[in-house]
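Student: I would like to see how this sequence folds:
(2 chains)
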Amino acid sequence: MDTDTGEFMQRDRGIHPPAFTPTYKTSVLRSPRIPLWSLQNSLSEVTGPTFRREELGSLDNDLILNYAKDGEPIGERTIVHGHVLDENGRGVPNTLVEVWQANAGGRYRHVNDRYLAPIDPNFGGCGRTLTDGKGYYYFRTVKPGAYPFRNFVNSWRPAHIHFSIFGSGFAQRLITQMYFEGDPLIRNDVIAGTIPDADAIQRLVARLDMSAAIPLDCLAYRFDIILRGRRSTLFENKLQGS
Amino acid sequence: MIPSLPTLKETPSQTAGPYVHIGLIPHQAGFDIFERNFSNVLVTPRTRGERIRIEGRIFDGAGAPSRDVLVEIWQANAAGRYDHPADRQESKDVDPTFRGWGRTGTDFHTGLYTFETIKPGAVAGRHGHKPMAPHVNLWLAARGINIGLATRMYFSDEEEANAADPVLNIIEQPARRETLIARREERRGEVVYVFDIHLQGERETVFFDV
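Tutor: Got it, this is the predicted structure:
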């Protein structure tokens, strides 16, 4: 059975945020109001871009070193690691995982971020890697800080790391955010709160993982990512050309 | 073998937020970090096919251009084949100089996005269906967009193929099909396809649940 060329199972939209979530104000004018047209997969959806290891630099997954200029960034040294799996529990190998985040003070290195916390001269705030043959990935970074954003006057984002993942087909494309276990800001976060299912929010919370911490050096958090699975194609004609 | 029931649930989506550029297009965020960057230029001098530019704006429900949207495209090569192992249209050649994927952000001032690419060929449709007219798959992520939006761009000069396209034809209202057709223009010898996207409103673009 092909594991990386078949059609994808229907996406369960009940565990995702809907487009229109008025508490998150920006979504109001940016949400389509007409239902999505459901499309059976064609070659355009079951295929997707592939990336090669040599396209990435050796420090691309090390946010402590990949923008270090005259020292290392300030903050809690942190490893974030986990598996990218599909809904069938299979590892998704060689897929591009990209991350971005604020620095330890909650400030982003971005022309549009005007928060008063300072830029860290040694921290870019982004990284990328390919999963290994079993779908495993890891990054090293400093733990991001919480920061305020203009939704309500006193809205704060919990510490989080943004993740972008490709999978093996373009219909698996996913952008999400990872939170940290025990953060009291998650409870009232407008963005996490766009997800209607409390259990689903918990699946975005990385767990402290002392087994991967490096003694006297670095803490670790574990964050597994699940992408859509491909379904079996028993008793069925294959997609033309596939 | 009886397929087992899925035991895992997909990770929920979250908005890409206003600073998506940092991670995915850091030059637009205002800094240089990676030796090699992904971009909106999909072609090399050796890529086969008609050179085209795709450009457009992405309008919100108030009619204003959204100026912080990540746009990615995925397309077949000039022969109509995707560079991916699931595409086994053996009669069509893979073009080793064409991955078929690119990304960019809408401009912080003008709201424009652009891609430099080639016009794709027609792609085989699902079994028993007609071929799909040449098209480009788009995926949008941004602040205020809670889960990435998938749509397709078709070409205004492919009227016959578009009329037979199995995807355009499932859209019930003909006027809504028009939201997926990019307008061909020629400017100083360059071929430009203008593809504006409306996130909501009277001209809301068709988005797909793929």
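Student: helices or strands next to the helix or strand of chain B with the lowest mean pLDDT in the packing?
Tutor: Least confident helix or strand, chain B: helix B:174-177 with a mean of 95, by mean pLDDT, DSSP states H and E. Contacts defined by 3 or more C-beta pairs under 8 Å, 6 or more residues apart in numbering or on different chains; DSSP states H and E place helix B:174-177 against no helix or strand at all. (C-beta placed from N, C-alpha, C; glycine too.)
Student: who touches that helix?
Tutor: Identification of contacts with helix B:174-177 by C-beta atoms under 8 Å, 6 or more residues apart in numbering or on different chains yields A:I34, B:N162, B:L168, B:I171, B:V206.
Student: confidence score at residue 16?
Tutor: Since no chain was named, I'll use chain A. A:H16 carries a pLDDT score of 98 in this model.
Student: nope, chain B
Tutor: pLDDT for B:A16: 98.
Student: surely it touches A:H162?
Tutor: Yes - with contact defined as C-beta atoms under 8 Å, B:A16 reaches A:H162; the gap is 6.8 Å.
Student: could you tell me which residues touch both of these two?
Tutor: Contact criterion C-beta under 8 Å, 6+ apart; residues bridging B:A16 and A:H162 by contacting each: A:I175.
Student: roughly how far does whatever residue of chain B ends up closest to chain A sit from B:L180?
Tutor: Nearest to chain A in chain B, going by C-beta to the nearest C-beta, is B:G23, at a distance of 2.8 Å. To B:L180, B:G23 is 29 Å away according to C-beta to C-beta, to the nearest Å.
Student: do the same with A:Q40
Tutor: Look at A:Q40 and B:L180: by C-beta to C-beta, they are 17 Å apart.
Student: check A:R30 too.
Tutor: 19 Å.
Student: who has more neighbours, those two?
Tutor: Set side by side, A:R30 and B:L180 show more neighbours around A:R30, with 26 against 23, by other C-beta atoms under 10 Å in any protein chain shown.
Student: residues contacting the residue most central in space within chain B?
Tutor: Nearest to the geometric centre of chain B sits B:L138, at 2.3 Å (C-alpha atoms, centre = their mean). Listed by C-beta under 8 Å, 6+ apart, the contact set of B:L138 reads B:V71, B:E72, B:I73, B:A150, B:T151, B:R152, B:M153, B:I197.
Student: name the nearest of those residues relative to B:A133.
Tutor: Among those, B:R152 lies closest to B:A133 (C-beta to C-beta), at 9.6 Å.
Student: returning to that earlier point: and the contacts of helix B:174-177, which of them are in helices?
Tutor: Among those, the members falling in helices (DSSP state H) are B:N162.
Student: how about the contacts of helix B:174-177, which pair is most distant?
Tutor: Greatest spatial distance among the contacts of helix B:174-177 (C-beta to C-beta): A:I34 and B:N162, at 20.5 Å.
Student: ok, these two, which is more surrounded?
Tutor: Comparing A:I34 with B:N162 by other C-beta under 10 Å, the one with more neighbours is B:N162, at 21 against 12.
Student: pull the contacting residues for that one.
Tutor: For B:N162, the contacting residues are B:A133, B:Y154, B:F155, B:L168, B:R177, B:I181, by C-beta under 8 Å, 6+ apart.
Student: show the model's pLDDT score for A:G241.
Tutor: For A:G241, the model assigns a pLDDT of 65.
Student: ditto for A:M1
Tutor: For A:M1, pLDDT reads 39.
Student: so B:G148 sits against B:V20, correct?
Tutor: No - taking contacts as C-beta under 8 Å, B:G148 lies outside contact range of B:V20: 11.0 Å.
Student: in chain A, what residue is nearest chain B?
Tutor: Closest point on chain A to chain B, by C-beta to the nearest C-beta, is A:W100, at 2.8 Å.
Student: list just the nearest of the contacts of B:L138 to B:R46.
Tutor: Distances from B:R46 to these, taken as C-beta to C-beta, are shortest for B:I73 (20.0 Å).
Student: SS state for that closest one?
Tutor: Under DSSP: H, G, I helix; E, B strand; the rest coil, B:I73 falls in the strand class.
Student: report the contact partners of it.
Tutor: For B:I73, the contact set (C-beta under 8 Å, 6+ apart) comprises B:L42, B:I54, B:W101, B:G102, B:R103, B:F115, B:T117, B:V136, B:N137, B:L138, B:W139.
Student: ok, now with 6 Å
Tutor: Applying C-beta atoms under 6 Å, 6 or more residues apart in numbering or on different chains, we find B:I73 in contact with B:G102, B:F115, B:V136, B:L138.
Student: could you export these as TSV, including secondary structure and pLDDT?
Tutor: As requested, the contacts of B:I73 are exported to TSV (DSSP: H, G, I helix; E, B strand; the rest coil; pLDDT from 0 to 100):
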residue	secondary structure	pLDDT
B:G102	strand	98
B:F115	strand	98
B:V136	strand	98
B:L138	strand	98
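Student: which among these end up buried?
Tutor: The neighbour-count criterion (16 or more other C-beta atoms under 10 Å in any protein chain shown) marks B:G102, B:F115, B:V136, B:L138 among the contacts of B:I73 as buried.
Student: okay, strands next: where are they in chain B?
Tutor: Using DSSP state E, the strands of chain B run over residues B:51-56, B:58-59, B:70-75, B:101-105, B:113-118, B:135-141, B:149-155, B:181-187, B:190-194, B:197-198, B:208-209.
Student: which among these is found nearest to B:A29?
Tutor: Among the strands of chain B, if distance is taken as C-beta to C-beta, the winner is strand B:101-105, at 9.0 Å.
Student: if we can go back for a sec, and of the contacts of B:N162, the nearest to A:L63?
Tutor: Comparing these against A:L63 with C-beta to C-beta picks out B:Y154 as the nearest, at 40.5 Å.
Student: on the pLDDT front, check the closest one for me.
Tutor: On pLDDT, B:Y154 comes in at 98.
Student: setting aside sequence neighbours, what's the nearest residue to the residue of chain B closest to chain A?
Tutor: The spatially closest residue to B:G23, leaving aside those adjacent along the chain, is A:W100, at 2.8 Å (C-beta to C-beta, 6 or more residues apart in numbering or on different chains).
Student: about what we covered before: which one's more surrounded, B:G148 and B:V20?
Tutor: The neighbour comparison of B:G148 against B:V20 (other C-beta under 10 Å) goes to B:V20, with 26 against 19.
Student: how about the residue lying closest to that one once chain neighbours are set aside, what does it touch?
Tutor: Of all residues not flanking B:V20 in the chain, B:L70 sits nearest, at 4.9 Å (C-beta to C-beta, 6+ apart). Neighbour list for B:L70: B:A16, B:V20, B:G105, B:A141 [criterion: C-beta under 6 Å, 6+ apart].
Student: show me the beta-bridge partners of the third one.
Tutor: With DSSP bridges as the criterion, the beta-bridge partners of B:G105 are B:L70.
Student: from the contacts of B:L138, which would you call buried?
Tutor: B:V71, B:E72, B:I73, B:A150, B:T151, B:R152, B:M153, B:I197.
Student: and these as a markdown table, adding distance to A:L56?
Tutor: Compiled in a markdown table, the buried ones among the contacts of B:L138 are given as follows (distance: C-beta to C-beta, whole Å):
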| residue | distance to A:L56 |
| --- | --- |
| B:V71 | 22 |
| B:E72 | 18 |
| B:I73 | 21 |
| B:A150 | 26 |
| B:T151 | 29 |
| B:R152 | 30 |
| B:M153 | 29 |
| B:I197 | 30 |
